[in-house]
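Trainee: got a structure for you, letters missing:
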């Protein structure tokens, strides 16, 4: 029996992954998770965006926001992604919070990605590359 190539297995599913375009080492998964982006070291006072991801990979994430002014290509950011995990015995949903640092690598206007908010407000696409793998916040376990 031939061993399974994990990279091939990830790129084979067309509903959850984008097909490999030859440039990407890690596939982008089309997942909508809550994401919070802050200036490094400033916590909630330095909030740049609180939105949902459009896609995510092992190396970065992409999201849209109506506010372009706080973002600049090359700027460092702190990022927290909340991944729904399970329902607790008290009935509340628990999330795994992934956090770490990264930098803005690309900004796209609504003409490039074709997305506007539900209210018709144009949104800017923001691509973040992680500096290293995100860490899991296990405080609630």
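Mentor: Sure thing, it's come through. Only a predicted model underlies this, so the values are computations on that prediction, with no experimental measurement involved. Residues are numbered from 1 along each chain as shown.
Trainee: helix or strand: which one has residue 126?
Mentor: Taking DSSP states H and E as the definition, residue 126 sits inside strand 124-130.
Trainee: now the strands: where do they sit in the protein?
Mentor: 34-38, 47-56, 60-65, 76-87, 93-108, 124-130, 135-137 (DSSP state E).
Trainee: what's in contact with the strand holding residue 126?
Mentor: Taking contacts as Cβ atoms under 8 Å, 6 or more residues apart in numbering, the residues outside strand 124-130 that touch it are 37, 49, 54, 59-68, 71, 77, 79, 100-110, 112-113, 115. C-betas here are computed from N, CA, C, even on glycine.
Trainee: report the buried members of those residues.
Mentor: 37, 49, 54, 59-65, 71, 77, 79, 102-104, 108, 110 (16 or more other Cβ atoms under 10 Å).
Trainee: OK, contacts around residue 70?
Mentor: 48-49.
Trainee: centre of the chain to the strand holding residue 126, how far?
Mentor: Here the centre of strand 124-130 is set off from its chain's centre by 8 Å, with Cα atoms, centre = their mean, to the nearest Å.
Trainee: next: stretch 29-46.
Mentor: 9 Å.
Trainee: one more: stretch 97-106?
Mentor: Distance, centroid of stretch 97-106 to centroid of chain: 8 Å (Cα atoms, centre = their mean).
Trainee: over to stretch 127-141?
Mentor: On Cα atoms, centre = their mean, the centre of stretch 127-141 falls 11 Å from the chain's centre.
Trainee: buried residues, it. List them.
Mentor: Result for stretch 127-141 [16+ other Cβ under 10 Å]: buried residues 127-128, 130, 134.
Trainee: also stretch 33-40?
Mentor: 33-38.
Trainee: contacting residues for residue 82?
Mentor: 33-36, 95-98.
Trainee: apologies, that question was intended for residue 97.
Mentor: 80-83, 136-137.
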